[in-house]
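Sequence first, predicted model second:
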Amino acid sequence: MRYSGPMANDAESRVPHERVGLCADCVYSRNVKSDRGSVFLLCELSRKDQRFAKYPKLPVLSCRGYEKKQKPADPS
């Protein structure tokens, strides 16, 4: 397959933190990639509580469901 320009790898295609807001490091946020390569942030809380948007408008600056992801413990 040929493209008209260079394609970004997955690490480069992530949305910068300042454009996403709280969703960037929330335990309930999940990246969803479309068949066309677009990346969306899905709020898993929307499955249980309809007060949360399935795909919130970004950047999310405040959210009552926000919980920061815990960084994995350093094995060393």
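Perfect, thanks for sending it.

can you give me the strands for this structure?
29-33, 39-43 (DSSP state E).

buried residues in the last one?
By 16 or more other C-beta atoms under 10 Å, the buried positions in strand 39-43 come out as 41-43. Every residue, glycine included, has its C-beta placed from N, CA and C.

swap in the first one?
Residues of strand 29-33 classed as buried: Ser29 (neighbour count, 16+ other C-beta under 10 Å).

by contact count, what packs against it?
For strand 29-33, the elements it packs on are strand 39-43, judged by 3 or more C-beta pairs under 8 Å, 6 or more residues apart in numbering; DSSP states H and E.

ok and the strand it packs on relative to strand 29-33, angle-wise?
140 degrees (axes from the mean of the first three to the mean of the last three C-alpha atoms, to 10 degrees).

if we can go back for a sec, CSV for the buried residues of strand 39-43, including distance to Glu18 and pLDDT?
Listed next are the buried residues of strand 39-43 as CSV, based on distance: C-beta to C-beta, whole Å; pLDDT from 0 to 100:
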residue, distance to Glu18, pLDDT
Leu41, 14, 94
Leu42, 20, 97
Cys43, 19, 97
